[in-house]
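Q: Give me a 3D structure for the following:
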Amino acid sequence: MYGAWTKDLAAEDVAILVRLLLKGDKAAALEPSMVMLQEVLEHHPEAIEKVEPLVWDILESTPPNASVMAEWRWGELSYNFAHRNPQRMVRLIIRQYSSPGFIPATDERHQALHMATEADPVGAWNIVGDAFLHAGDASYNLLTALRGWYGELIPIEHLVSWARAHEPDGPRIVARLISPTPGQLSQRARALVLAFPGNEEVWSGLLANVVTGAWMGPISGKMERDLAVVKQWEGDPDPAFRSWVRGLVEAMEKNLRAQRTREEEGYL
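A: Numbering: from 1, shown residues only. Presented below is the predicted three-dimensional model:
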């Protein structure tokens, strides 16, 4: 691995070597195998089909709690294959995020999932949506990894259709994965709200993506910034939409007043 002596070997010989390595201590052989196969792809891109089965074996065998360097190498290798078999890549990553233990959402897995989903948005969403429906206690991992961005990659028509077919959970799941941008509410988020008028879980899911995140300073300061974002939605042309936003603003203003009182009393 470190001597880079395999760079001079033919792709077929590297594949033989990697197969032999993986028959031994597979966990120890994963990282050097990734290095050698990545070098093959860099020097012999035409050999991608010859090494593809080996690469998938390694990608699917690398644990999500691998070392930082192994994770980086996993990413470099996975980017070559996310578009070749996007649904397999999506299943691989979602399977890991659906495990009971906490799995950190690394940049490498984020990027590989992004690339695979862009290659086949509808097929990818059908896998992801089904995972959410059956994740149970492991849904926290999935939500942490995909919240607020993943739904932006899927055609909104398909998201709405899927949500309707899987009520009552569908609308709530989709809302959590959409980013409600500041200013005029994004067309994607707006379409979801209008498709499910009066659905409190859609509103709470979108609002959760606004208020979730770290901040510095008093809680009231964070609440003021969140309120400022939601107030910008009051200019929507749809009357029913504006009515829902006004109710949301009133509730947030009430909570903000209560929080300011608690902070002022605490200072005393």
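Q: which secondary structure elements does the helix or strand harbouring residue 89 contact?
A: With secondary structure defined by DSSP states H and E, residue 89 is part of helix 86-97. With contacts taken as 3 or more CB pairs under 8 Å, 6 or more residues apart in numbering; DSSP states H and E, helix 86-97 sits against helix 48-61, helix 107-119, helix 121-134, helix 139-146. From N, CA and C alone the C-beta is placed, and that goes for glycine too.
Q: quick one, that helix and helix 48-61 angle?
A: 20 degrees (axes from the mean of the first three to the mean of the last three CA atoms, to 10 degrees).
Q: Please pull out the lowest mean pLDDT helix or strand from this structure.
A: helix 200-211 (a mean of 78; mean pLDDT, DSSP states H and E).
Q: Just the buried residues of that helix, please?
A: By 16 or more other CB atoms under 10 Å, the buried positions in helix 200-211 come out as 201, 202, 203, 205, 206, 207, 209, 210.
Q: May I have the helix or strand that that helix is followed by exported as PDB, CA atoms only?
A: Using DSSP H and E, the helix or strand that follows helix 200-211 in sequence is helix 219-231. The C-alpha trace of helix 219-231 is given here as PDB (Å, rounded to 0.1, in the frame of the first residue of the first chain):
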ATOM      1  CA  ILE A 219     -32.500  31.400  23.700                       C
ATOM      2  CA  SER A 220     -34.600  34.500  23.000                       C
ATOM      3  CA  GLY A 221     -32.200  35.700  20.400                       C
ATOM      4  CA  LYS A 222     -32.500  32.400  18.500                       C
ATOM      5  CA  MET A 223     -36.300  32.600  18.800                       C
ATOM      6  CA  GLU A 224     -36.200  36.100  17.400                       C
ATOM      7  CA  ARG A 225     -34.200  35.000  14.300                       C
ATOM      8  CA  ASP A 226     -36.600  32.100  13.700                       C
ATOM      9  CA  LEU A 227     -39.600  34.300  14.000                       C
ATOM     10  CA  ALA A 228     -38.100  36.800  11.500                       C
ATOM     11  CA  VAL A 229     -37.800  33.900   9.000                       C
ATOM     12  CA  VAL A 230     -41.400  32.800   9.400                       C
ATOM     13  CA  LYS A 231     -42.700  36.400   9.200                       C
END
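Q: Distance from helix 219-231 to the middle of the chain?
A: Here helix 219-231 is found 25 Å from its chain centre; the criterion is CA atoms, centre = their mean, to the nearest Å.
Q: likewise stretch 60-72?
A: Distance, stretch centre to chain centre, for stretch 60-72: 18 Å (CA atoms, centre = their mean).
Q: That one: end-to-end distance?
A: Start and end residues of stretch 60-72 are separated by 15 Å (CA to CA, to the nearest Å).
Q: tell me the average confidence for it?
A: Averaged across stretch 60-72, pLDDT comes to 88.
Q: try stretch 108-124
A: 95.
Q: buried residues in it?
A: Neighbour counts over stretch 108-124 (16+ other CB under 10 Å) mark 108-110, 112-117, 119-121, 124 as buried.
Q: so what does the host helix or strand of residue 240 touch, helix or strand wise?
A: According to DSSP H and E, residue 240 maps onto helix 239-267. Helix 239-267 sits against helix 187-195, helix 200-211, helix 219-231, with contacts defined as 3+ CB pairs under 8 Å, 6+ apart.
Q: what about the stretch 1-150 of the chain, any weak spots by pLDDT?
A: 1-3, 102, 137-138 (pLDDT under 70).
Q: got a pLDDT number for the closest residue to residue 114 other than its chain neighbours?
A: Leaving out its chain neighbours, the residue that sits closest to residue 114 by CB to CB, 6 or more residues apart in numbering is residue 153, at 6.9 Å. On pLDDT, residue 153 comes in at 94.
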